[in-house]
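Peer 1: structure, please.
(one chain, ligands or ions: 1)
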Amino acid sequence: TKRTSEAATLLTDHSGRNGVYSLLMSHATGGPSLPQERKIVTAIPGPKSEALLARRQAAVSAGVSGMMPVFAVAAGDGVIVDVDGNSLIDMGAGIAVTNVGNSAPKVVAAVQSQVAAFTHTCFMVTPYEGYVEVCEKLNELTPGDHAKKSALFNSGAEAVENAVKVARAYTKRQAVVVFEHGYHGRTNMTMAMTAKNMPYKHSFGPFASEVYRFPVAYPFRDARPGAEVAASVISRIDKELGASNVAAIVIEPIQGEGGFIAPTPGFMPAIVEFARAHGIVFVADEIQTGFCRTGQWFACEHEGIVPDLITTAKGIAGGLPLAALTGRAEIMDSVHVGGLGGTYGGNPVACAAALASIETMAELDLISKAQAIESIMYERLTKMKAKFHAIGDIRGRGAMIAVELIKPGTMDPNPELTGAVAKGCHAAGVVVLTAGTYGNVLRFLPALTMPHHLLHEALDEIEAQFSAHS
Ligand code: PMP
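Peer 2: Predicted coordinates for the structure are as follows:
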């Protein structure tokens, strides 16, 4: 169709810009969306991607990883189109970002109109309504009906750093409790909070101090009830840190990079209760789980948890960089004036995108769409688990589902098979991501607007790859 061929020729235009711009214009003016199909017309990578890979290798730091060997020119809902005209099924959504789909029509229109009005004034210099409205929406949508306030930042890591700053200022304490398998970012503070050494921390120390890591209730590898694991963690916090020294407990309600580990039921409520009883700020890091991803606005809602502070990013703005910290007004207001901020935090274009994304989530009922994706995935993956004994566990919620792979008959992680299945999918034009402390988790994070026929086709390919590698 027209858009696929337009996309395919984009990179032959050396200025690049005109082609991309006209593609966006066609999307924004209600032009046809990208054909929702897998179509492989060259080897993966094709010749144009090969040429770009060579330029990348010469120009881009080797420290930045690259999972797929193809370069994108367009993307929407369930597909990414590459420079050679291949249309790939996208089961990653840019790592849980394009929940509303890539270049969602309302997001495109809102961004275009804001970018033409003004691109930046700095909210700390000359404020604008969009920032305030995003904060109002966050205060309304996040769990709990207490008075809330928000502040906006650029990345998830920055939101987490600010959660620690606010919790320390409010409590006048220093210690921060985090959990095994947790991931919170790549800045110095958040590297300290992140559990996994390779690739996130290796050779980058020394790390920020006063960060303490404890076990999480990991259902697949620990059969104890959640409350029992929580009791042993709480006892250790008491003995090793002293509850009265703890500023914050930070946890992902479903651990993302750690392998989609939803702590055993009962674990988080017990930790929240302990935090409440000791004046510790309970922080939910919903950067990966937020904005309908798990079949609720926020994953805390599945266990009725009301965090004191909540960090969000990724899905918030349909692909534009924006992050937020939201929480109890008295905690958020405990910081001195000027203590929070940054040049770009809450950029007006990103705020316009966030408001359009949130509107799209409600309008398209993306909560139900995530739940429907969950049903399809559990049904299909459960059948695969019966067939392939390397699938040890299926877990996650909504459109955040993963399988943990083991060496059959053991509990030993199977990162080799995980890599082989992922690579096979990539070569066949299905973008899947891996995760997990042991590198043995295949994770699936489609856009919530993923058409079901493509979801099934992706699952067919995953199944074929398990067959080929079993
Ligand atoms: N926290 C969680 C739970 C995340 O999943 C991520 C990103 N994977 C981050 C923090 C860091 O976000 P960013 O990459 O935007 O800094």
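Peer 1: I'd guessed Asn440 sits against Thr418; true?
Peer 2: Yes. In this structure, Asn440 is within contact of Thr418 by CB atoms under 8 Å, at 4.9 Å. C-beta: built from backbone N, CA, C; applies to glycine.
Peer 1: hmm, Phe267 is touching Gly226, no?
Peer 2: Yes. Judged on CB under 8 Å, Phe267 makes contact with Gly226 at a distance of 3.4 Å.
Peer 1: and the residue in the stretch 101-250 of the chain positioned nearest to the ligand, what does it touch?
Peer 2: Among all residues of the stretch 101-250 of the chain, Gly156 sits closest to the ligand, at 2.2 Å; criterion: CB to the nearest ligand atom. Applying CB atoms under 8 Å, 6 or more residues apart in numbering, we find Gly156 in contact with 184-185, 285, 287, 311, 313-314, 323.
Peer 1: mutual contacts of Asn440 and Thr418, please.
Peer 2: Leu405.
Peer 1: okay, Gln288: pLDDT?
Peer 2: With respect to pLDDT, Gln288 scores 98.
Peer 1: which ones are touching it?
Peer 2: By CB under 8 Å, 6+ apart, the neighbours of Gln288 are 95-96, 252, 254, 256-257, 314, 400.
Peer 1: just the residues you listed: which are in helices?
Peer 2: Counted as lying in helices by DSSP state H, out of the contacts of Gln288, are 95-96.
Peer 1: tabulate the contacts of Gln288 (TSV), appending distance to Ile462, neighbour count and pLDDT.
Peer 2: Output for the contacts of Gln288, formatted as TSV (distance: CB to CB, whole Å; neighbours: other CB atoms under 10 Å; pLDDT from 0 to 100):
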residue	distance to Ile462	neighbour count	pLDDT
Ile95	18	15	98
Ala96	18	24	98
Glu252	25	28	98
Ile254	20	24	98
Gly256	20	28	98
Glu257	20	23	97
Lys314	23	27	98
Met400	16	26	98
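Peer 1: just to check, Arg186 is in contact with Tyr200?
Peer 2: Yes. Counting by CB under 8 Å, a contact exists between Arg186 and Tyr200, whose distance comes to 6.1 Å.
Peer 1: quick one: common contacting residues for those two?
Peer 2: Residues touching both Arg186 and Tyr200 by CB under 8 Å, 6+ apart: Thr194.
Peer 1: what does the stretch 301-450 of the chain put close to the ligand?
Peer 2: Applying CB under 6 Å from any ligand atom, we find that the stretch 301-450 of the chain lies next to the ligand at Ala313.
Peer 1: so which residues of the stretch 301-450 of the chain form strands?
Peer 2: Ranges of strands within the stretch 301-450 of the chain are 309-312, 323-328, 391-397, 400-405, 430-431, 433-435, 441-444, based on DSSP state E, counting those that start in this stretch.
Peer 1: what average pLDDT does the shortest one get?
Peer 2: Yep, that's strand 430-431 we're talking about. pLDDT averaged over strand 430-431 gives 98.
Peer 1: what strands flank that strand, and is each parallel or antiparallel?
Peer 2: strand 87-90 (parallel) (DSSP bridges).
Peer 1: also the longest one?
Peer 2: Strand 391-397 sits in its sheet next to strand 400-405 (antiparallel), going by DSSP bridges.
Peer 1: which residues does the partner strand contact?
Peer 2: Taking CB under 8 Å, 6+ apart as the rule, strand 400-405 contacts 96, 220, 254, 256, 259-260, 288-289, 293-294, 373-374, 377-378, 381, 384-385, 390-396, 413-415, 417-418, 421, 435-436, 440-445.
Peer 1: and that strand, how far out from the chain middle?
Peer 2: 15 Å (CA atoms, centre = their mean, to the nearest Å).
Peer 1: restricting the selection to alpha carbons, write it to CSV.
Peer 2: Coordinates of each C-alpha in strand 400-405 appear next as CSV, following Å, rounded to 0.1, in the frame of the first residue of the first chain:
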residue,chain,number,x,y,z
MET,A,400,2.6,-7.4,30.3
ILE,A,401,3.1,-11.2,30.0
ALA,A,402,6.2,-13.3,30.2
VAL,A,403,7.5,-16.9,30.2
GLU,A,404,10.4,-18.0,32.3
LEU,A,405,12.5,-20.7,30.6
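Peer 1: which helix in the chain has the most residues?
Peer 2: Per DSSP H, the chain has its longest helix at helix 366-387.
Peer 1: okay, it in CSV with CA atoms only?
Peer 2: Output of helix 366-387 as CSV, limited to C-alpha atoms (Å, rounded to 0.1, in the frame of the first residue of the first chain):
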residue,chain,number,x,y,z
LEU,A,366,-7.4,0.3,26.7
ILE,A,367,-8.0,-1.3,30.2
SER,A,368,-10.4,-3.8,28.5
LYS,A,369,-8.0,-4.1,25.6
ALA,A,370,-5.1,-5.0,27.9
GLN,A,371,-7.4,-7.6,29.6
ALA,A,372,-8.3,-9.1,26.3
ILE,A,373,-4.7,-9.4,25.3
GLU,A,374,-4.0,-11.2,28.7
SER,A,375,-6.7,-13.8,28.0
ILE,A,376,-5.4,-14.6,24.6
MET,A,377,-1.8,-14.8,25.7
TYR,A,378,-2.5,-17.0,28.8
GLU,A,379,-4.6,-19.4,26.7
ARG,A,380,-2.0,-19.7,24.0
LEU,A,381,1.0,-19.9,26.3
THR,A,382,-0.7,-22.4,28.6
LYS,A,383,-1.1,-24.7,25.6
MET,A,384,2.6,-24.2,24.7
LYS,A,385,3.7,-24.9,28.3
ALA,A,386,2.1,-28.3,28.1
LYS,A,387,4.1,-29.0,24.9
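Peer 1: and for the most centrally placed residue in the chain, nearest residue in space, chain neighbours not counted?
Peer 2: When CA atoms, centre = their mean is applied to the chain, the residue found nearest the centroid is Gln288 (3.0 Å). Spatial nearest neighbour of Gln288, excluding adjacent residues (CB to CB, 6 or more residues apart in numbering): Gly256 at 3.6 Å.
Peer 1: contact partners for the one you found?
Peer 2: Counted by CB under 8 Å, 6+ apart, Gly256 has contacts 96, 183, 287-289, 400, 435.
Peer 1: Glu210 now?
Peer 2: 174-176.
Peer 1: residue of the stretch 301-450 of the chain nearest the ligand, please.
Peer 2: Counting by CB to the nearest ligand atom, the stretch 301-450 of the chain gets nearest the ligand through Ala313, at 4.7 Å.
Peer 1: what's the neighbour count on that residue?
Peer 2: The local packing of Ala313 (other CB atoms under 10 Å) involves 28 other residues.
Peer 1: wait, it touches Ser155, no?
Peer 2: Yes. Using CB under 8 Å, Ala313 is in contact with Ser155, at 6.3 Å.
Peer 1: can you list residues touching both of those two?
Peer 2: Counting by CB under 8 Å, 6+ apart, the residues touching both Ala313 and Ser155 are Ala323.
Peer 1: and Tyr170, what helix or strand is that in?
Peer 2: helix 156-171 (DSSP states H and E).
Peer 1: what angle separates that helix from strand 323-328?
Peer 2: Helix 156-171 runs at 30 degrees relative to strand 323-328, counting by axes from the mean of the first three to the mean of the last three CA atoms, to 10 degrees.
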